[in-house]
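>>> Sharing a sequence plus its predicted fold:
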Amino acid sequence: MDAVPPPRRTSSDRRLVLFLGGVVLVPLTLVFGPFRGHFFRSDAPAIAALAEPPDDGAVLAALADWMPAALRRELGDRFEQALAARDWVAVAVALERVEPMQATAAVRHLHGLLLLRLDRPAPALAGFHDAATLAADSELVAAARHARAQALLLLGHAASARVELSALAAGGGRHAEPAQRQLARLQALE
């Protein structure tokens, strides 16, 4: 019986190794090398410390101000029990299940506030954006922009937060003074 010679490494194997090395190593070198500061900001914890996320009282006040009474009745006793127990996860889940036609700008803002209260700023941004663009009420727009700025600060996105805070500080209303304070503190970090 003839012995089968071992397979030879071909140039295609070498090309595959070089290709995979380039696809993996080049991006890793860029991310952890010269662009490290862009992907892993060293001042992100300091920026996040500037945020003023809503406390239980702020969430309850927003629910009282913006929650449509008809929707609150429709959500029923389980919603009210979760609200009384301050079970923010159950309240957020209830708002997620609201029919799309009933998910007004106020409901989207409230859902975003609950997510922010649950320390989930990234998914909260969508609700704040929707509320700020869809709302006809200028107070709701300001509240959504203020909450959006807090979420952006928590995520370490100083430039985007500065845009929101500058718009709030330039306008009147109850969010102007807190926005000015946060802008001054953000400026001090730079």
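Right, received. Where do you want to start?

>>> Mind checking what helix or strand follows the helix or strand that contains His111 in sequence?
His111 belongs to helix 105-117 when assigned by DSSP states H and E. Later in the chain than helix 105-117, the nearest helix or strand by DSSP H and E is helix 121-134.

>>> Now that following helix - C-alpha only, PDB.
Extracted in PDB, the C-alpha atoms of helix 121-134 (Å, rounded to 0.1, in the frame of the first residue of the first chain):
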ATOM      1  CA  PRO A 121     -30.200  55.800  29.100                       C
ATOM      2  CA  ALA A 122     -29.500  54.400  25.700                       C
ATOM      3  CA  PRO A 123     -33.000  52.900  25.000                       C
ATOM      4  CA  ALA A 124     -34.500  56.000  26.700                       C
ATOM      5  CA  LEU A 125     -33.200  58.300  24.000                       C
ATOM      6  CA  ALA A 126     -35.700  57.100  21.400                       C
ATOM      7  CA  GLY A 127     -38.600  58.000  23.600                       C
ATOM      8  CA  PHE A 128     -37.200  61.400  24.300                       C
ATOM      9  CA  HIS A 129     -36.500  62.100  20.700                       C
ATOM     10  CA  ASP A 130     -40.000  61.000  19.700                       C
ATOM     11  CA  ALA A 131     -41.600  63.200  22.400                       C
ATOM     12  CA  ALA A 132     -39.500  66.200  21.400                       C
ATOM     13  CA  THR A 133     -40.300  65.900  17.700                       C
ATOM     14  CA  LEU A 134     -44.000  64.900  18.000                       C
END
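
>>> Look up how far Leu154 lies from the residue nearest in space to the middle of the chain.
The centroid of the chain falls nearest to Ala122 when counting by CA atoms, centre = their mean (2.2 Å). Ala122 is 9 Å from Leu154, where distance means CB to CB, to the nearest Å. In short, each C-beta sits where N, CA and C put it, glycine included.

>>> how about Leu83, what does it touch?
Contact analysis of Leu83 by CB atoms under 8 Å, 6 or more residues apart in numbering lists Leu60, Leu63, Val91.

>>> could you give me the average pLDDT of the host helix or strand of Val17?
In the assignment (DSSP H and E), Val17 maps to helix 11-32. The pLDDT scores in helix 11-32 average 80.
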